[in-house]
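In: Okay, sequence plus prediction incoming.
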Amino acid sequence: MTADIRYFELNTGAKIPSVGLGTWQAEPGVVGDAVATAIKAGYRHIDCASIYGNEKEIGLALKKLFEDGAVKREELWITSKLARSDNAPEYVQEALNRTLRNLQIDYLDLYLIHWPVRIQKGSVDFNPENLVQPDIPGTWRAMEALYDSGKARAIGISNFSTKKLRDLLAVARVPPAVNQVECHPSWQQQKLHEFCKSKGVHLSGYSPLSSPGSWIKGDVLRHPVVGMVARKLGKTPAQVCLRWGLQMGHSVLPKSTNEARVKENLDVFDRSIPEDLFAKFSEIVQARLIRGDSFVHHTCGPYRCVEELWDDKTISNV
Ligand SMILES: NC(=O)C1=CN([C@@H]2O[C@H](COP(=O)(O)OP(=O)(O)OC[C@H]3O[C@@H](n4cnc5c(N)ncnc54)[C@H](OP(=O)(O)O)[C@@H]3O)[C@@H](O)[C@H]2O)C=CC1
Ligand SMILES: CCCCCC/C=C/C=O
């Protein structure tokens, strides 16, 4: 196993940098500095979304970095995502244009349908009455038009189960390049991983540290297997989780707004997890952290329960 896994090649032929900076819950007032710190430290991939509410500040930071000559647009990989309230064919083009205006760029490297979920345009809260049946084939045709236009150089999906991905592949003219899903040593997505691999869809792992500081409060960084591997390799638990993702073949999107941790999370290319230690990760009990409970309801919207959202009868084996 070569230690240097800097890129993964997508089905478009493009190379996605293997470590991207996450920006969800990166607060206004600090997210711009985090992006600047990351890019100066060597990150070339920023994971954004309209729903994160911080694309304007990221755009300002990018503009300054370009003006100062710290990086060129073509050296960066910028992903953004179609919000749930824009998940309808007629809203897709304007949603992308809004994101491009906010980010102050003229194309995205990757545009994803954020969730297989639609809420009424203008909804801001989690009222279940706002949940609407999405027209995924229709939205995908609108995404394909963005791909054809060159404004989105790759298109993909996020939070799609194996079944939802299979259904999409059956109607897609342009196959999705990426499925961005929760993925870390305590939610390894084995079945989805195999399916994506068999179809040439790159799996990008979100919450690769299990989102420890947020309300999600995942604790994979404290798992004994992660700790043991970290001690043996002389790396931190976070670096071990990220390295595990890279060796699985996934790009990873750690979020940090702390300068030292931003740098720590990119320092994952000098050591591989050897096979005997890598095998230990199969002992880790699996549980999904981001269940999407707010997107299901016993009477409203298309999904009656989380098992229907994920097409999975065993959301967790805990
Ligand atoms: N498509 C989707 O639906 C989703 C996409 N995402 C994407 O994935 C990104 C990452 O996921 P996210 O849920 O943010 O969680 P992560 O797993 O990246 O964890 C982020 C948390 O870990 C802390 N942290 C960062 N680095 C370290 C470290 N080296 N050691 C210890 N703690 C650390 C951060 O705090 P601090 O900032 O203080 O360092 C923050 O609290 C998101 O930001 C977003 O871009 C996430 C969820 C859903
Ligand atoms: C209250 C439910 C929110 C689900 C998490 C959505 C995370 C999105 C990040 O991209």
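Out: Received it, and whenever you're ready, just let me know what you need. Ligands and ions are numbered 1, 2, ... in the order given.
In: what does this protein put close to ligand 1?
Out: 22-25, 47, 114, 158-159, 180, 206-214, 221, 238, 253-258, 261, 264-265, 290 (C-beta under 6 Å from any ligand atom). All C-beta spots, glycine's among them, are computed from the backbone N, C-alpha and C.
In: Just the ones in helices from these, please.
Out: Mapping the residues of the chain next to ligand 1 onto helices (DSSP state H) picks out 238, 261, 264.
In: still on that earlier bit, so among the residues of the chain next to ligand 1, which ones count as buried?
Out: For the residues of the chain next to ligand 1, a neighbour count by 16 or more other C-beta atoms under 10 Å gives the buried set as 22-25, 47, 114, 158-159, 180, 206-211, 221, 238, 253-257, 261, 264-265.
In: if we look at ligand 2, which of those are close to it?
Out: residue 24.
In: In strands only, show me the buried ones among the residues of the chain next to ligand 1.
Out: Using DSSP state E, the members of these that fall within strands are 22, 47, 158, 180, 206.
In: who's in contact with the nearest residue in space to the first one that is not next to it in sequence?
Out: Yep, that's residue 22 we're talking about. With C-beta to C-beta, 6 or more residues apart in numbering as the criterion, residue 22 has its nearest non-adjacent residue at 3.1 Å, and that residue is residue 255. Listed by C-beta atoms under 8 Å, 6 or more residues apart in numbering, the contact set of residue 255 reads 21, 22, 23, 24, 25, 26, 211.
In: could you measure residue 255 against residue 279, distance?
Out: 29 Å (C-beta to C-beta, to the nearest Å).
In: Check residue 250 too.
Out: 18 Å.
In: With pLDDT added, can I get the ones in strands among the buried ones among the residues of the chain next to ligand 1 in TSV?
Out: TSV is the format used below for these (pLDDT from 0 to 100):
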residue	pLDDT
22	98
47	99
158	98
180	98
206	98
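In: Name the nearest of the residues you listed relative to residue 34.
Out: residue 22 (9.7 Å; C-beta to C-beta).
In: ok so, going back, farthest-apart pair in the ones in strands among the buried ones among the residues of the chain next to ligand 1, please.
Out: 22 and 158 (12.6 Å).
In: overlap in contacts of these two?
Out: With C-beta under 8 Å, 6+ apart as the test, residue 22 and residue 158 both reach residue 206.
In: coming back round to it: now for the contacts of residue 255: which two are most distant?
Out: Maximum pairwise distance among those (C-beta to C-beta): 14.6 Å, between 21 and 211.
In: Low-confidence stretches in the stretch 101-250 of the chain?
Out: In the predicted model of the stretch 101-250 of the chain, no residue satisfies pLDDT under 70.
In: Now do the strands in it.
Out: 110-113, 118-119, 131-132, 155-158, 178-182, 202-206 (DSSP state E, counting those that start in this stretch).
In: Of all the ones you listed, which one comes closest to residue 245?
Out: Across the strands of the stretch 101-250 of the chain, closest to residue 245 is strand 202-206 (C-beta to C-beta), at 4.8 Å.
In: That closest one - which strands sit beside it in the sheet, and in what orientation?
Out: strand 178-182 (parallel), strand 251-252 (parallel) (DSSP bridges).
In: contacts for the shortest one?
Out: Just to be clear, that refers to strand 251-252. Contacts of strand 251-252 (C-beta under 8 Å, 6+ apart): 8, 16-20, 45, 202, 204-205, 208, 242, 245-246.
In: Of those, which belong to helices?
Out: 242, 245, 246.
In: As TSV, these with neighbour count would be great.
Out: Listed next are those as TSV, based on neighbours: other C-beta atoms under 10 Å:
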residue	neighbour count
242	27
245	27
246	24
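In: Quick check, residue 227 in contact with residue 238.
Out: No: using C-beta atoms under 8 Å, residue 227 is not in contact with residue 238; the gap is 11.5 Å.
In: returning to that earlier point: most packed of the strands paired with strand 202-206?
Out: strand 251-252 (a mean of 28; mean count of other C-beta atoms under 10 Å).
In: Let me see the contact set for residue 242.
Out: Contact partners of residue 242, counting by C-beta under 8 Å, 6+ apart, are 19, 208, 209, 252, 254, 265, 268.
In: I'd like these laid out as CSV, including distance to residue 134.
Out: What follows is the contacts of residue 242, written out as CSV (distance: C-beta to C-beta, whole Å):
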residue, distance to residue 134
19, 31
208, 27
209, 30
252, 27
254, 29
265, 33
268, 36
